[in-house]
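1. Here is the input, now give the coordinates:
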Amino acid sequence: MQTSLACYVSGRHLPGQEKHGLVSFAVPEWGILFRCLADGSRSDLEILAFMSFLRFAEHNHEIFAGRELRIFTDCQILLFLMKGGTEGPGSEKLRRRAAEIAPQIHFTVDWIDSDRNRAAASAATITSLPVGSQLKIKPFAGLTEKEPPGQSADRNKV
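-> Next comes the predicted model:
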């Protein structure tokens, strides 16, 4: 196993909003910062950020394989869920999805103070990769799990 790679996830409400927020993940070493708008509670947004990162890592398996991913969160609920706690109906699906990815992508989930969470920081704090970088990221679309045919997908459910 190569060295660890620090990755960050964040789900935050927009200022003055109780249901609308920003979902983001970051891999500063590679100049990656993803952000999108979503609806939900703070824990819903954080879980969606985490699941989005896992899908991104799975989709780009070649660049994450062989690295131990240290995924940092400042959300106590996400950390609690990933350490085996239960919190509502989405917790089992979250752990099941993480277990599906675990054989391909090796990761741990750790705590970080809010002011050090790079996914929640200004985009200016994450530098781009230099021109000519060998990192090849596959295009990535869609945050939610794929639904079986005939079922409608709710974009903000995890």
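
2. Look up the pLDDT of residue 80 for me, please.
-> Residue 80 carries a pLDDT value of 81.

3. Can you give me the neighbour number for it?
-> If you count neighbours by other C-beta atoms under 10 Å, residue 80 ends up with 14. For the C-beta atoms, the positions are set from N, CA and C on the backbone; glycine is no exception.

4. how far away is it from residue 15?
-> Using C-beta to C-beta, to the nearest Å, we find residue 80 at a distance of 26 Å from residue 15.

5. Report the beta-bridge partners for residue 10.
-> residue 24 (DSSP bridges).

6. Would you check that it makes contact with residue 119?
-> Yes. Under the criterion of C-beta atoms under 8 Å, residue 10 makes contact with residue 119 at 3.8 Å.

7. Looking at those two, which is more packed in?
-> Here residue 10 and residue 119 are compared on neighbour count by other C-beta under 10 Å; more neighbours surround residue 119, at 29 against 26.

8. Buried residues, the helix ranked longest in the chain. List them.
-> Longest helix in the chain by number of residues (criterion: DSSP state H): helix 42-59. Using 16 or more other C-beta atoms under 10 Å as the test for burial, helix 42-59 gives 43-57.

9. which residues of this protein fall in strands?
-> Remark: strands assigned in the chain by DSSP state E are 4-13, 20-27, 32-39, 68-73, 106-111.

10. Could you dump the ones you listed into JSON lines with mean pLDDT and distance to residue 99 added?
-> Output for those, formatted as JSON lines (pLDDT from 0 to 100; distance: least, C-beta to C-beta, whole Å):
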{"stretch": "strand 4-13", "mean pLDDT": "94", "distance to residue 99": "18"}
{"stretch": "strand 20-27", "mean pLDDT": "94", "distance to residue 99": "19"}
{"stretch": "strand 32-39", "mean pLDDT": "93", "distance to residue 99": "23"}
{"stretch": "strand 68-73", "mean pLDDT": "94", "distance to residue 99": "15"}
{"stretch": "strand 106-111", "mean pLDDT": "90", "distance to residue 99": "11"}
